[in-house]
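**Q** sequence and predicted structure, then a few things I'm wondering about:
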Amino acid sequence: MKKTYAGASWLIAVALSTVSVGATAAEQVVKIGLTGPLTGPQAAIGKDDENGVRMAIERLNAQGLVIGGQKTRFELVSQDDAADPRTGMTVAQSLVDANVKVIFGPFNSGVAIPISNLVNVSGIVMATVASNPSITQHGYPFVFRISASDTQLGSRMGEFAAKALKVKRIAVIDDRTAYGQGVADEFISAAKANGIEIVDREYTTDKATDFVSILTHIKGANAEGIFYGGYYAQAGALRKQMKRLAMNGYLLGGDAMCNAELAKLGGDAVDTRVYCPQGGPVLDQTPEGRQFKADYKQRFHTDPLTYSAALYDGVNIVAQAMQKANSIEPAQYRAALAGIDSHGVSGHYRFDSNRDLTDSPITIYTYRNGEPTPLASSQP
């Protein structure tokens, strides 16, 4: 009897082992790619984007989604593109080779523009927060934008400068990146249409630290302010140098300078005469936003910056599209994503024929006590 019992136990153990192996084999792993500036002067924003994706993945894995009849686990493959187009191409190819099912990012338009063709040809969905309008104007069916474009951001700031600030004369500086030039061009177009004279157009780089020569030239043009097309790392230094030269006019810019890091770099020079936009609603003004902000701070011990909420939403809408298509493969779920109609933390996600958001509210911020403070929110 003892021998028979032992044999039965062994058979039960084998059966359980077989079930366990089968259950493990049935789980599918979906690799989620992320490309962004995780090092260098834009590292804070890159890590913020990564945190948004990571938090969404952790929550999806806790839910135990079943897609295509298989339990699905998501895995983050995050790579540093250093805000550099060449590095970005290498990173994008690496993510393609890793068989990711979606690529989130890049943050920088100068990286997004060249990699979009590679990613599209590879048949992988790309969901970017980069804002240059051309990214979604090539007709690439796998390329989506999950935040506002320069057309929306730059135009809104041009209208704001004319109608709210009553500016008549303004100078423009851009850093010659695809992002900086793009948002500056859109600002100029809207500013001119609203009666503002562009008294000077100057150029710098996204590595610059000294703006004194440019600012001295602008000061002689009697501009009431400056619109800067570029990133927060340069905008902080620019504002400090404006103050040093007793240039007390406005500093306006795009979304890439619109975060708490700007005030850390610019100190008390970043004040109520600095204005910039962000796409999406103010987190503190909705229950979902307040909960996201609290959860984010608990998880990462810092406040969210610009686009972590949009990327958090992006992961969720891709997961929804996969569930609707009953497939993790981009070729199968892409159409479901294009037809998505979903509310998230950062807004309402519906795409037009270019796969740009149809509903993208713009919030304009100023700075008080070192913190970006929202003024108003409006549809573009």
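**A** Thanks, I have the structure now. On a predicted model such as this, the values are computed, not experimentally measured, just so you know.
**Q** lowest-scoring secondary structure element of this protein by mean pLDDT?
**A** helix 2-26 (a mean of 40; mean pLDDT, DSSP states H and E).
**Q** following element in sequence after that one, please.
**A** strand 28-36 (DSSP states H and E).
**Q** middle-most residue in the chain, spatially?
**A** residue 129 (3.5 Å; C-alpha atoms, centre = their mean).
**Q** can you pull out the low-pLDDT segments for the stretch 201-350 of the chain?
**A** Residue ranges of the stretch 201-350 of the chain with pLDDT under 70: none are present.
**Q** what ranges does it have for its helices?
**A** Ranges of helices in the stretch 201-350 of the chain, per DSSP state H, counting those that start in this stretch, are 212-219, 232-244, 260-266, 287-300, 308-325, 330-338.
**Q** buried deepest among these, which one?
**A** helix 308-325 (a mean of 24; mean count of other C-beta atoms under 10 Å). To be clear about C-beta, it is placed using only N, CA and C from the backbone, and glycine gets the same treatment.
**Q** out of the helices of the stretch 201-350 of the chain, which comes closest to residue 147?
**A** helix 308-325 (4.9 Å; C-beta to C-beta).
**Q** what's that closest one packed up against?
**A** Counting contacts by 3 or more C-beta pairs under 8 Å, 6 or more residues apart in numbering; DSSP states H and E, helix 308-325 packs against helix 43-63, strand 70-80, strand 102-104, strand 125-128, helix 287-300, helix 330-338, strand 342-344, strand 347-349.
**Q** closest to residue 216 out of the ones you listed?
**A** Using C-beta to C-beta, these put helix 43-63 closest to residue 216, at 29.9 Å.
**Q** could you check the angle the closest one makes with strand 28-36?
**A** For helix 43-63 against strand 28-36, the angle by axes from the mean of the first three to the mean of the last three C-alpha atoms, to 10 degrees is 170 degrees.
**Q** how about helix 43-63: buried residues?
**A** For helix 43-63, the neighbour count (16 or more other C-beta atoms under 10 Å) marks 43-57, 60 as buried.
**Q** same check on stretch 156-170?
**A** 156-162, 165, 167, 170.
**Q** now those residues in CSV, with secondary structure, pLDDT and distance to residue 30?
**A** Output for the buried residues of stretch 156-170, formatted as CSV (DSSP: H, G, I helix; E, B strand; the rest coil; pLDDT from 0 to 100; distance: C-beta to C-beta, whole Å):
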residue, secondary structure, pLDDT, distance to residue 30
156, helix, 95, 36
157, helix, 97, 38
158, helix, 97, 41
159, helix, 97, 42
160, helix, 97, 41
161, helix, 98, 44
162, helix, 98, 47
165, coil, 97, 47
167, coil, 98, 49
170, strand, 98, 47
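**Q** for the nearest residue to residue 146 once chain neighbours are set aside, give its distance to residue 153.
**A** Of all residues not flanking residue 146 in the chain, residue 314 sits nearest, at 4.6 Å (C-beta to C-beta, 6 or more residues apart in numbering). Here the distance between residue 314 and residue 153 works out to 18 Å (C-beta to C-beta, to the nearest Å).
**Q** can you get me a residue count around residue 38?
**A** 20 (other C-beta atoms under 10 Å).
**Q** what's it in contact with, if anything?
**A** For residue 38, the contacting residues are 46-47, 50, 78-80, 82, by C-beta atoms under 8 Å, 6 or more residues apart in numbering.
**Q** tell me which of those is nearest to residue 28?
**A** Among the contacts of residue 38, and counting by C-beta to C-beta, the member closest to residue 28 is residue 78, at 20.1 Å.
**Q** look up the pLDDT of the closest residue to residue 50 other than its chain neighbours for me, please.
**A** Take residue 50 and drop its neighbours on the chain: the residue closest to it by C-beta to C-beta, 6+ apart is residue 78, 5.4 Å away. Each residue has a pLDDT score; the one for residue 78 is 98.
**Q** ok, what's across the strand from residue 78?
**A** In this entry, residue 78 is beta-bridged to residue 34, by DSSP bridges.
**Q** what about it, how many residues close to it?
**A** 20.
**Q** I'd say it and residue 34 touch.
**A** Yes: with contact defined as C-beta atoms under 8 Å, residue 78 counts as touching residue 34 (4.4 Å).
**Q** list the residues that contact both of these two?
**A** Contacts common to residue 78 and residue 34, judged by C-beta under 8 Å, 6+ apart, are 50, 53.
**Q** what number of residues lie near the residue nearest to residue 238 when sequence neighbours are not counted?
**A** Nearest non-adjacent residue to residue 238, counting by C-beta to C-beta, 6+ apart: residue 211, 5.0 Å away. The burial count assigned to residue 211 is 23, neighbours taken as other C-beta under 10 Å.
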